[in-house]
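K.L.:
quick one: sequence and predicted model below, then my questions.
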Amino acid sequence: MRAIVGRLSDLSLPELLRLLAAASASGELALRNGQGECQLRVASGMVEGVFAPPVLAAFHRREGSFSFRPGPVPSELEWQPMEEFLVRLARLPWEASQQARDELSELRETLSEVAPVPATRRVLVVAGDPRPYRGLEVEWGKRGWELVVTGNPTWPTEESFDAVVVHLPGSATLAGQGDLWLAILRHAQEQEPPVPVVWVGGLVDARLRHEAVQAGAAFLLPAPAGEVGEAARWFREDLTTVLERVLQRPTTATAGEGWAFREFFLALHAETTPEETRASLLRLAAHSFSRGLLVGVAEAHLEVLGGFGFSPIPKRLPRGVEVLEKVIAEGIRLEGQSVSEGLGGLVVGGDGLWAFPLRRREGTVGLLLASGKRPGADLRELANVLPGATALLGL
C-alpha cells in the first residue's frame, strides 16, 4: 500500500475507510480541518475508536484534508470494526461530541447492532466445492444477505441476484470446462443492471484468467487450500469485504462512474497485479466511451492488452497510423479526431478517436484508445489519473 493524500470533499471519510479496508491496509490516517488535527489508526478493516471533533467534522461535513501513511500500528489500541465505527459516527452529531450518553442509550445501540436484519440482497455462490461457504449463511444473514449455494455451473432459472460468486473447481476437475463457468459470468453481465461477479480460483490458468477479466469479473480472488484453518478464515473475510464493496455500488450511470473511479483509485494505491489494474482502468473508461482499447507500444506494432465494447477484439494493431504516431512521438492527447482507419473495429460511423498517451521517462509506452464518447461524459478524472498509472499497468 502506498501513501494517499487528498481532500475530504473529493473522497469522504466512509469511502476512504472502505477503500483502505478493501486493500487490507494498516497505518495512520491524519485528519486536518477547522476542528484541529487528529490521528486515526487503521488495520485490515479495523479502526481505532477515536471520536474527537476533527473526526466528527470530517465525517459529517467532509471538512478538511487527509493523509494516510502505511505502516505498523500498536495492537493494544481500542479497535472497532470499520462499519461499526461508521455507525457510531453517524449517531453522534459532531456538535454534541462532548455530551455524555446515558447507559440506556448505549444498550439500545448494542441491541440494534446485533438484531436480526431482514434479507435485502441475494448472493448466488456457484461453487465446484461448497465447503468453504459452510456457516456463512448466519454471518451474511446479519448483513441482510441471503446466500444461495449451488454446485451446478448454470444460472438458476427465473431467479435474480444482486451479486454472484463463481468458485471454480480444482484444475483436475476444471479441465475442458472453463467455458461453462465463463458462461455464468457473461450471463451476469447481460442482466439489467449487470450483476457483479467475484471470480474465485483458476488464476494459474492465464487464458481463463484473461477471459474472466475481459468478460467483466469485478474481482479475482485465489481459492483457499481448504475449508479450515487461518487461510480459510482469511478467504471468507476477504470475500465478505469484496462483496460488501460491490453490493454498495450504485446502479445509475453517474454513480457508477464514481464507483469505477474509486475502484481505479484503489487499484493505483494497493498492491494489485497489472492485469487487475488494466481491467479496472477499462471499466473506468467504459463509463465515458462505448468502445475502447488499451495497447502497449512495440517497435513494429501496437500490442492489445484489453478492450471493451466490440467483438472480436484484435490482438494487435499496425504501426504507421499518422494520428497515432503523432500521439506516440509528442505525448499529446488526441481528442475526437476523425480518422479513416477503423483500427480493428474501434472506430465506427462518424465517431471520433480519442487517444490518451501513457508515458515513461523513455517516451510513450502505451495508449488508451477510445471512441463513441457518451453524452455528458466528464473526462477530467480519467485524464488526471492516467499519468500516474503507467508503471502499475505493466507497461
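P.N.:
In hand now; what should we look at?
K.L.:
give me the below-cutoff pLDDT ranges for the stretch 101-250 of the chain.
P.N.:
Residue ranges of the stretch 101-250 of the chain with pLDDT under 70: 101-120, 171-176, 249-250.
K.L.:
now do the helices in it.
P.N.:
Along the stretch 101-250 of the chain, the segments classed as helices by DSSP state H, counting those that start in this stretch run 103-114, 136-141, 171-174, 178-189, 206-215, 230-247.
K.L.:
Arg374 is nearest to which of those helices?
P.N.:
Taking CB to CB, helix 178-189 is the member of the helices of the stretch 101-250 of the chain nearest to Arg374, at 18.0 Å. All C-beta spots, glycine's among them, are computed from the backbone N, C-alpha and C.
K.L.:
which secondary structure elements does the closest one sit against?
P.N.:
The contact analysis (3 or more CB pairs under 8 Å, 6 or more residues apart in numbering; DSSP states H and E) places helix 178-189 against strand 163-167, strand 197-200, helix 206-215.
K.L.:
quickly run through the sheet partners of the first one, with directions.
P.N.:
In the sheet containing strand 163-167, the strands it pairs with under DSSP bridges are strand 121-127 (parallel), strand 197-200 (parallel).
K.L.:
ranking the helices and strands packed on helix 178-189 by burial, who's on top?
P.N.:
strand 197-200 (a mean of 25; mean count of other CB atoms under 10 Å).
K.L.:
the nearest residue to Arg209 once chain neighbours are set aside: neighbour count?
P.N.:
Leaving out its chain neighbours, the residue that sits closest to Arg209 by CB to CB, 6 or more residues apart in numbering is Leu203, at 5.4 Å. Neighbour count of Leu203, defined by other CB atoms under 10 Å: 17.
K.L.:
give me the phi and psi for Leu203.
P.N.:
Main-chain dihedrals, Leu203, degrees, to the nearest 10: phi -80, psi -20.
K.L.:
next up, the contacts around it.
P.N.:
Shown in contact with Leu203 (CB atoms under 8 Å, 6 or more residues apart in numbering): 209, 220, 222.
K.L.:
against which helices or strands is the host helix or strand of Leu294 packed?
P.N.:
Using DSSP states H and E, Leu294 sits within strand 289-297. The helices and strands touching strand 289-297, judged by 3+ CB pairs under 8 Å, 6+ apart, are helix 274-286, strand 301-308, strand 363-373.
K.L.:
Leu393: which of the ones you listed is closest?
P.N.:
Once the helices and strands packed on strand 289-297 are compared by CB to CB, helix 274-286 is nearest, at 5.5 Å.
K.L.:
tell me the average confidence for that closest one?
P.N.:
Helix 274-286 carries an average pLDDT of 82.
K.L.:
sorry, back to before: need the helices and strands packed on helix 178-189 in a markdown table (columns: distance to Trp234).
P.N.:
A markdown table is the format used below for the helices and strands packed on helix 178-189 (distance: least, CB to CB, whole Å):
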| stretch | distance to Trp234 |
| --- | --- |
| strand 163-167 | 15 |
| strand 197-200 | 13 |
| helix 206-215 | 21 |
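K.L.:
so for Gly27, which of the ones you listed sits nearest?
P.N.:
With CB to CB as the yardstick, what comes closest out of the helices and strands packed on helix 178-189 is strand 197-200 (25.9 Å).
K.L.:
what does that closest one contact?
P.N.:
Strand 197-200 is contacted from outside by 127, 163-168, 184-185, 188-189, 212, 216-223, 239, 242-243, 246, using CB under 8 Å, 6+ apart.
K.L.:
so His316 touches Val304, yeah?
P.N.:
No His there; residue 316 is Arg. Yes. The pair Arg316 / Val304 is scored as a contact, 6.2 Å apart, by CB atoms under 8 Å.
K.L.:
neighbour-wise, which of those two wins?
P.N.:
Using other CB under 10 Å, the more surrounded residue of Arg316 and Val304 is Val304, with 18 against 13.
K.L.:
how about the contacts made by that one?
P.N.:
Val304 sits next to 293-295, 313-317, 344 when contact means CB under 8 Å, 6+ apart.
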